[in-house]
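with the sequence up front, the predicted model follows.
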Amino acid sequence: MQELWFYIQLGLKHVLDFNAYDHILFLTALALPFTFKSWKSVLLLATVFTFTHCLALVLSVYEVVVLEVSWIEFLIPVTILLTAIFNLIYENSEANHKRIWLHVLATAFFGLIHGFGFSNYFKMMIMGEEDKLKPLIGFAGGIEISQVTIVLVVLILAYIVQSIFKVRQKHFVRIGSLVIILITLPLLYQTFPL
C-alpha cells in the first residue's frame, strides 16, 4: 500500500509541478470553454486524457511503441496550442454535442503524446521493478486526482469571473486561450527538434 501511495503522489506531482507546467496549460485550455453546467463533459475529457496518457505509458514501459523523445517534447506544446486555437474557433463547445466528440478524439490523441513525453522518466523510475502494473495504477490515480483538481479550479475561476465580474463566457474563453497561446509560443521555439 505504501508503494502504491508513493506512485499516486508521483502522479499528483507530475501534473501539479509548476516547473513542468505543460499539463496545467493543456488542462486549462481543455476546460476553458466549459462551465459547471457541463461538468460531465469536461470530466469526460480529463478522464479520456488520463486513460490515453496511461496507455502511452503502458505501451512505452512494455516497449510496444518507442518514439523519438525530441519530437514528443515538441508535440506537447503543439497540443496545447491546437487546443487553445480550437477554443477560439469553436467558442461554445458545450453547446454542440457533435463538437464534444471531436474534442474527445483530439484529447485522446493529445493524451497519447503527453504520456509518451513522460514515459522515459517513468521508465527510469520503475527500472528494476518486477511488478510494473502497481506503479502504473498508482500513477494514473494521482494524475486523475490532480487533473480533476485543475479542472475544478478553472471552472471555479470561470464562475467567479463570469458571475461576479460579469465577464461574458466567450470573452473569458478568448482571453484565456490567447494567454495560453502567448505562453506556449516560446515553448514551441525551445523544443523545436532541429
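All right, it came through fine. Bear in mind the structure is a predicted one, so any value in this text is a computation, not a measurement. Numbers count the residues shown, from 1 in each chain.

Leu178: neighbouring residues, count only.
Residues near Leu178, counting by other C-beta atoms under 10 Å, number 13. Just so you know, the C-beta spots here come from the backbone N, C-alpha and C atoms, and that holds for glycine as well.

packing partners of the worst-scoring helix or strand of the chain on mean pLDDT?
Ranked by mean pLDDT, DSSP states H and E, the helix or strand of the chain with the weakest confidence is helix 97-125, at a mean of 85. Packing partners of helix 97-125 (3 or more C-beta pairs under 8 Å, 6 or more residues apart in numbering; DSSP states H and E): helix 22-31, helix 39-61, helix 69-89, helix 133-159.

Asp191 and Val78: what is the separation?
That one is not Asp; residue 191 is Thr. 9 Å (C-beta to C-beta, to the nearest Å).

what do the two both touch?
Between them, Thr191 and Val78 share no contacting residue under C-beta atoms under 8 Å, 6 or more residues apart in numbering.

circling back: most tightly packed of the helices and strands packed on helix 97-125?
helix 22-31 (a mean of 25; mean count of other C-beta atoms under 10 Å).

model confidence over that helix, on average?
Computed over helix 22-31, the mean pLDDT rounds to 93.

send me that helix as PDB with only the CA atoms.
Provided in PDB are the C-alpha atoms of helix 22-31 (Å, rounded to 0.1, in the frame of the first residue of the first chain):
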ATOM      1  CA  ASP A  22       2.600  21.900 -19.800                       C
ATOM      2  CA  HIS A  23       0.000  19.700 -18.200                       C
ATOM      3  CA  ILE A  24      -1.500  22.700 -16.400                       C
ATOM      4  CA  LEU A  25      -1.600  24.700 -19.600                       C
ATOM      5  CA  PHE A  26      -3.200  21.900 -21.500                       C
ATOM      6  CA  LEU A  27      -5.900  21.100 -18.900                       C
ATOM      7  CA  THR A  28      -6.600  24.800 -18.600                       C
ATOM      8  CA  ALA A  29      -7.100  25.100 -22.300                       C
ATOM      9  CA  LEU A  30      -9.200  22.000 -22.300                       C
ATOM     10  CA  ALA A  31     -11.500  23.200 -19.500                       C
END
